[in-house]
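Asker: what follows is a predicted structure for the sequence shown.
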Amino acid sequence: PDLLNPNKQHTLVLIKPDGYTRGLTGEVLRRIEAKGYKLVGLKIKKASPELLAEHYIEHQGKHFFNDLVAVMSAAPLVAVVVEGDRVIEGVRTMMGATNPTLAAPGTIRGDLGRDWDTPAVQNIVHGSDSPTSADREIALWFPELVFHD
Ligand code: RTP
Ligand code: MG
């Protein structure tokens, strides 16, 4: 019953350590639910550097990679699987631009984030950027939810 419905679209959302530590989990989840999306997986976790290196594999070698893994593994985060029509694109729209100083008002990052003096941008949330990324990331963070055939 708690397995993902294979006929619906899903995305992986992370409320990153900066968002969790600032007490913004409820605000982010409230926005996602108010939009009409459904939460189908949810956990609080202190992620290992190994898990984060895998999650951010596309960024390996970039100047911010080591700092990104360090800040993301330094404190707990909230991992969420969200279900809904065009939810991948919809959550990305709700998040706003990567840099919270530049993110539009009305978006999560634009309303709640700002720049901090760290090499890796701190921007409260992550959302999968494509169906391929979503499948990979959900399998990584929620292996118990995924069908194996
Ligand atoms: P995300 O993957 O976390 O949803 O964010 P995104 O697509 O908007 O940004 P992406 O380019 O994939 O970068 C992943 C995360 O790395 C940090 N970052 N820091 N200092 C920098 O130039 C820099 N660039 C990226 C951010 O935390 C970003 O969300
Ligand atoms: Mg990204």
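Answerer: Structure received. Remember, predicted model here, so these are calculated numbers, not experimental data. Residues are numbered from 1 along each chain as shown. Ligands and ions are numbered 1, 2, ... in the order given.

Asker: what segments of the chain are helices?
Answerer: 17-21, 25-35, 49-55, 65-73, 87-95, 108-112, 131-141 (DSSP state H).

Asker: okay, those helices in JSON lines with distance to residue 81, mean pLDDT and mean neighbour count next?
Answerer: Every residue, glycine included, has its C-beta placed from N, CA and C. Output for the helices of the chain, formatted as JSON lines (distance: least, C-beta to C-beta, whole Å; pLDDT from 0 to 100; neighbours: other C-beta atoms under 10 Å):
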{"stretch": "helix 17-21", "distance to residue 81": "17", "mean pLDDT": "98", "mean neighbour count": "20"}
{"stretch": "helix 25-35", "distance to residue 81": "11", "mean pLDDT": "98", "mean neighbour count": "16"}
{"stretch": "helix 49-55", "distance to residue 81": "14", "mean pLDDT": "98", "mean neighbour count": "16"}
{"stretch": "helix 65-73", "distance to residue 81": "18", "mean pLDDT": "97", "mean neighbour count": "18"}
{"stretch": "helix 87-95", "distance to residue 81": "10", "mean pLDDT": "98", "mean neighbour count": "20"}
{"stretch": "helix 108-112", "distance to residue 81": "17", "mean pLDDT": "98", "mean neighbour count": "21"}
{"stretch": "helix 131-141", "distance to residue 81": "6", "mean pLDDT": "97", "mean neighbour count": "17"}
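
Asker: right, so of these, which gets closest to ligand 1?
Answerer: Ranking those by their distance to ligand 1 (criterion: C-beta to the nearest ligand atom) puts helix 65-73 first, at 4.8 Å.

Asker: which strands or helices does the closest one pack on?
Answerer: helix 17-21, helix 49-55 (3 or more C-beta pairs under 8 Å, 6 or more residues apart in numbering; DSSP states H and E).
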